[in-house]
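Q: Sequence first, predicted coordinates after that:
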Amino acid sequence: MSDRFLDQAGGPAHRGPVLGAGRLLTGLTWAVLLLGLWLWGAEVTDVRYGRSTPATGDMAAVGRLPAAAELPPAARPLTGARPQRLDIPDLGVQAPVVARGLDARGALDPPPFDQPGVVGWYAAGAKPGAAGTALMVGHLDTETRPAVFHRISTLKPGETVRVIRDDGRVAEFTVDDVRVLTREGFDAHQAYGPRRSGRAELRLITCGGTFDRASRSYTANVIVSAYLTGTGL
């Protein structure tokens, strides 16, 4: 999730190295996502590449669930339908969704750089609201401004993500955790595998960590996990 859309995640405090670094990020971070998708698709999700960390850089409080917090029960998965729009009310995000696949290198292909407000959905995977884990990616920034997923690292457990589908229904997801996976410790199972079997789950993915000027990429990926808790029309 580099500069094209919203990259993989930095919070609002990440504007220093993020802005102006946009399209330079496409290499390693997306390659990591690609490798993870390949492993996941090959059903090797129990293979671990090192360890994940709860956060990196300035995101020390990412995704922590208050001890007394209770999350709602999961809703029954819906039948499959294609996503049209992604809404994150707490961040003021209302973004169109486009279907994406893998690029020539086998990596998850994000939306074009000139569409920083668009979210990419991995169309070969689960449909949002249906059983399984639906993947959505977005850029962190562009060369001049934040992109669509610039603030997803600030999401907290219990907050809502909505997906408007082409069957007229709205799949309402509740965030259950936010993880920052370093490039060296990337774990495909944690990124793409189900948090709990049998649920309809959603992952929002972008760049995170710090910007490495030597490799011209971010050092981590932000993974927001959510699960279906309701539906609307």
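A: Structure received.

Q: can you pull the contacts of residue 89?
A: Listed by C-beta atoms under 8 Å, 6 or more residues apart in numbering, the contact set of residue 89 reads 159-160, 162. To be clear about C-beta, it is placed using only N, CA and C from the backbone, and glycine gets the same treatment.

Q: hmm, try it at 7 Å
A: residue 160 (C-beta atoms under 7 Å, 6 or more residues apart in numbering).

Q: longest strand of this structure?
A: strand 217-232 (DSSP state E).

Q: Return the list of strands paired to that strand, each annotated with direction.
A: Here strand 217-232 is paired, per DSSP bridges, with strand 170-182 (antiparallel), strand 200-212 (antiparallel).

Q: Would you map the strands across this structure?
A: Counting by DSSP E, the strands of the chain are 83-88, 93-100, 119-122, 132-137, 160-165, 170-182, 200-212, 217-232.

Q: picking up where we left off before, output the strands paired with strand 217-232 in CSV; the columns should cover mean neighbour count, mean pLDDT and distance to residue 93.
A: Below are the strands paired with strand 217-232 laid out as CSV (neighbours: other C-beta atoms under 10 Å; pLDDT from 0 to 100; distance: least, C-beta to C-beta, whole Å):
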stretch, mean neighbour count, mean pLDDT, distance to residue 93
strand 170-182, 23, 94, 13
strand 200-212, 27, 88, 10
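
Q: Can you add distance to residue 78 and give the ones you listed back as TSV?
A: Below are these laid out as TSV (distance: least, C-beta to C-beta, whole Å):
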stretch	distance to residue 78
strand 170-182	6
strand 200-212	7
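
Q: Residue 77: what's it in contact with?
A: Taking C-beta under 7 Å, 6+ apart, one finds 129-131, 200, 228 in contact with residue 77.

Q: Let me fix that, I meant to ask about residue 156.
A: residue 175.

Q: Kindly report the same for residue 100.
A: Residue 100 touches 108-111, 120-123, counting by C-beta under 7 Å, 6+ apart.

Q: Just the buried ones from those?
A: 108-111, 120-122 (16 or more other C-beta atoms under 10 Å).

Q: Serialize those residues to a markdown table and add fields for distance to residue 97.
A: Shown next, in a markdown table, are the buried ones among the contacts of residue 100 (distance: C-beta to C-beta, whole Å):
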| residue | distance to residue 97 |
| --- | --- |
| 108 | 14 |
| 109 | 14 |
| 110 | 12 |
| 111 | 9 |
| 120 | 8 |
| 121 | 5 |
| 122 | 11 |
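
Q: Between the strands of the chain, which one is closest to residue 193.
A: strand 132-137 (7.1 Å; C-beta to C-beta).

Q: Now residue 87. Nearest residue, chain neighbours left out?
A: Leaving aside its chain neighbours, residue 87 sits nearest to residue 162 (4.2 Å; criterion: C-beta to C-beta, 6 or more residues apart in numbering).

Q: Count the residues that sit near the one you found.
A: When neighbours are counted by other C-beta atoms under 10 Å, residue 162 registers 19.

Q: How much space separates it from residue 177?
A: 18 Å (C-beta to C-beta, to the nearest Å).

Q: swap in residue 205?
A: For residue 205 relative to residue 177 (C-beta to C-beta), the value is 13 Å.

Q: So for stretch 105-118, what gets flagged as buried?
A: Quick answer for stretch 105-118 (16+ other C-beta under 10 Å): 107-111, 113, 115-118.
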